[in-house]
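Peer 1: The following comprises the amino acid sequence and a computationally predicted model.
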Amino acid sequence: MTTKSLLLACSVAAALLGSAPVRAENLIEVYLDAVRSDPLVREAEARRSAALEVKPQARALLLPQVNLGGQVYTANSDGESTFPQVSQTTGNIVTVGNKSSTDVSQYWDYSAELTQTVFRWDQWQELKRADSQVAVAEATYRAAQQDLLVRVAQAYFDVLAAEDTLGAAQATLDAFSRQLEQAEKRFEVGLIAVTDVQESRAAHDSATAGVIAAKRTLATAQEALRELTDKDYQALVKPAEQMPLNKPDPQDEQAWVDLALANNLNVIAARLNSEVASANAKIAQSGHLPTVDLFAQYNESNRDATQTNQSFDPSGNLGAGDTVGGSADSSQTSDVIGLRLNIPIFSGGGTQSRVREQVHLHRAAREKLEGTMRSAERETRDAYLGVLAEKARVQALSQAVKSSQTALEATEAGFEVGTRTTVDVLDARRRLFEAQRDYARSRYDYLINIVRLESATGGLKQDDLDAWAAADERFHRHRRAGNDARR
């Protein structure tokens, strides 16, 4: 059983619609509307696009890093200092002072540095981790797309089931209305007792309530579909009455489970997240390792300034010295190239703590992977058994509708000749309504279980939808050609 067969079953009805005044939307069209509108898929798409930037960022750390910096400023400074000196006249040591004033009219410098990683274990591990992170984002995005198709199919078929239930409820109400009208006429001419009229009226009132409830259920289902697509639909294509009821292929439950464990997108994402957690532990361990970088620097500076110096005698024993002033310009360039080694010795226990943290997170990721695998296995087995059970249920309920219709006709005939009562007719109509309702629901449950089974095994793909869209277009072209020929 493939998605193509499911969608083909839904598309067969499109060929039978003829030239209906209201165009019915099919599953592919509703799904494409949801793809353009559903916030969860658009969020997953945005997160995938963001994750794609992780690898360029990790690779950038291993490439040369070039930095350029500089500064320009003006400054003024004044100061004085004292120092011991031997007096030339007395030969004694005296204290001499000096006053200086510097006016920097312009100072500028700049430096350029190139750094190339030689050995950094964490950066290499981050590059490896980036591949897993990108793969996680891709798997998560595809899982979101599959989940959307499941949600759209569920909402789509819920609407159809609600429409069928409402149709059966309305038909039952119409029948009870006619029966109530007939009962009142028969009572007026004395053919039946008043209790028969009351039974008919009670059944009519109950059917009226059933129609109201069915309308409410339909409105709720339509709103759930509108939430996904942000559109209202006047009509939806229904599966053909004689849609194929195929068994899963292969007819081996364990084969489907093995396929799910290998291809289920949630399992794949959980497995990749476990790899990311393992890489995070290795990155944390790199905090114990040395790093080696190759670096090259170029520095240049220039200063335009004037400076004034004047000596003085703080004790007053000597006279003031001469004042000397003039240019104090300077310029300098330097080139540096070398290796920079950094060996971590002790970081207060922070590195060990980060390693322990990542080890625990890795264990948590492995446990999540185990839980996801079990969940995928459960969902696959449940969907597989659901397809088999619903196939048998559809066949049984189809026969039940026919049997209930035959029983109603026989009961009505017996009522006409007086061998059956009004209560018998009412009960027969209720059984027919219940059989019709359950039959319609079972057909959609069968289709939903097919979607769930293929989703659990990672089998729902956009290609299936495209193939069905082409098939549906061929049906519409065939229908238009037939209409033209009839005209």
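Peer 2: Yep, it's here. Please read these numbers as outputs of a predicted model, since none were measured by experiment.

Peer 1: mind listing what's buried in stretch 228-242?
Peer 2: With burial defined by 16 or more other CB atoms under 10 Å, the residues of stretch 228-242 counted as buried are 228-229, 233, 236-240. All C-beta spots, glycine's among them, are computed from the backbone N, C-alpha and C.

Peer 1: quick one, what contacts Ala221?
Peer 2: Going by CB atoms under 8 Å, 6 or more residues apart in numbering, Ala221 touches 155, 158-159, 161-162.

Peer 1: so how far is Pro250 from it?
Peer 2: The spacing between Ala221 and Pro250, counted by CB to CB, to the nearest Å, is 34 Å.

Peer 1: Please apply the same query to Arg381.
Peer 2: For Arg381, the distance to Pro250 equals 14 Å [CB to CB].

Peer 1: Sticking with Ser49, tell me its helix or strand.
Peer 2: With secondary structure defined by DSSP states H and E, Ser49 is part of helix 39-51.

Peer 1: Just the residues contacting stretch 109-129, thanks.
Peer 2: Residues lying outside stretch 109-129 but in contact with it, judged by CB under 8 Å, 6+ apart, are 55, 58-59, 61-62, 64-71, 276, 279-280, 282-283, 285-287, 289-302, 339.

Peer 1: Let me know the secondary structure of Val324.
Peer 2: strand (DSSP: H, G, I helix; E, B strand; the rest coil).

Peer 1: so who does it touch?
Peer 2: Remark: with contacts taken as CB under 8 Å, 6+ apart, Val324 is in contact with 308-310.

Peer 1: helix/strand/coil for Glu70?
Peer 2: Just to correct that, residue 70 is Gly rather than Glu. Applying three-state DSSP to Gly70 yields a three-state assignment of strand.

Peer 1: Surely it and Tyr298 touch.
Peer 2: No: proximity of Gly70 to Tyr298 does not meet the contact threshold set by CB atoms under 8 Å, at 11.4 Å.

Peer 1: okay, the two: which has more neighbours?
Peer 2: Each of Gly70 and Tyr298 has its neighbours counted (other CB atoms under 10 Å); Tyr298 has more, 15 against 12.

Peer 1: Identify the residues contacting the more buried one.
Peer 2: The neighbours of Tyr298, taking CB under 8 Å, 6+ apart as the test, are 111-113, 333-336.

Peer 1: want to throw the residues you listed into CSV with secondary structure?
Peer 2: Rendered in CSV, the data for the contacts of Tyr298 read as follows (three-state DSSP):
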residue, secondary structure
Ser111, strand
Ala112, strand
Glu113, strand
Thr333, strand
Ser334, strand
Asp335, strand
Val336, strand
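
Peer 1: Now the two most distant members of the residues you listed.
Peer 2: Using CB to CB, the two most remote members of the contacts of Tyr298 are Glu113 and Thr333, lying 14.6 Å apart.

Peer 1: between those two, who's got more neighbours?
Peer 2: Using other CB under 10 Å, the more surrounded residue of Glu113 and Thr333 is Glu113, with 15 against 9.

Peer 1: re the thing from before, filter the contacts of stretch 109-129 down to the ones in helices?
Peer 2: Secondary structure from DSSP state H places 55, 58-59, 276, 279-280, 282-283, 285 of those in helices.

Peer 1: Name the residue in Arg381 and Pro250 with the higher neighbour count.
Peer 2: Neighbours were tallied for Arg381 and for Pro250 using other CB under 10 Å; the higher tally belongs to Arg381 (17 against 11).

Peer 1: Check what pLDDT Ser455 gets.
Peer 2: For Ser455, the model assigns a pLDDT of 89.

Peer 1: Can you pull the phi and psi angles for it?
Peer 2: With angles defined as degrees, to the nearest 10, Ser455 shows backbone torsions of phi -70, psi -40.

Peer 1: correct me, but it touches Leu149?
Peer 2: Yes: contact status for Ser455 versus Leu149: in contact at 7.2 Å, counting by CB under 8 Å.

Peer 1: pLDDT weak spots in the stretch 301-450 of the chain?
Peer 2: Applying pLDDT under 70 to the predicted model, the residue ranges of the stretch 301-450 of the chain that meet it are 313-322.

Peer 1: where along it do the helices fall?
Peer 2: Per DSSP state H, counting those that start in this stretch, the stretch 301-450 of the chain has helices spanning 350-417, 422-456. These are given in chain order.

Peer 1: deepest of those, which one?
Peer 2: Mean neighbour counts were compared across the helices of the stretch 301-450 of the chain using mean count of other CB atoms under 10 Å; the top stretch is helix 422-456, at a mean of 22.

Peer 1: So which elements touch it?
Peer 2: Using 3 or more CB pairs under 8 Å, 6 or more residues apart in numbering; DSSP states H and E as the contact criterion, the neighbours of helix 422-456 among helices and strands are helix 3-15, helix 121-188, helix 194-229, helix 253-263, helix 350-417.

Peer 1: give me that answer again for 6 Å
Peer 2: Under the contact definition 3 or more CB pairs under 6 Å, 6 or more residues apart in numbering; DSSP states H and E, helix 422-456 sits against helix 3-15, helix 121-188, helix 194-229, helix 350-417.

Peer 1: and of those helices, who's closest to Leu426?
Peer 2: Closest approach to Leu426 among the helices and strands packed on helix 422-456 (CB to CB): helix 194-229, 4.6 Å.

Peer 1: Just the buried positions in the closest one, please.
Peer 2: Applying 16+ other CB under 10 Å to helix 194-229 flags 196-197, 199-200, 203-204, 207, 210-211, 214, 217-218, 221-222, 225-226, 228-229 as buried.

Peer 1: Buried only: go through the contacts of stretch 109-129 for me.
Peer 2: Applying 16+ other CB under 10 Å to the contacts of stretch 109-129, the neighbour count classes 55, 58, 276, 279-280, 282-283, 285-287, 291, 293, 299, 301 as buried.

Peer 1: got a markdown table for those residues, with distance to Lys99 too?
Peer 2: A markdown table is the format used below for those (distance: CB to CB, whole Å):
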| residue | distance to Lys99 |
| --- | --- |
| Lys55 | 63 |
| Ala58 | 59 |
| Val276 | 67 |
| Ala279 | 65 |
| Asn280 | 63 |
| Lys282 | 63 |
| Ile283 | 59 |
| Gln285 | 60 |
| Ser286 | 56 |
| Gly287 | 54 |
| Thr291 | 50 |
| Asp293 | 47 |
| Asn299 | 32 |
| Ser301 | 26 |
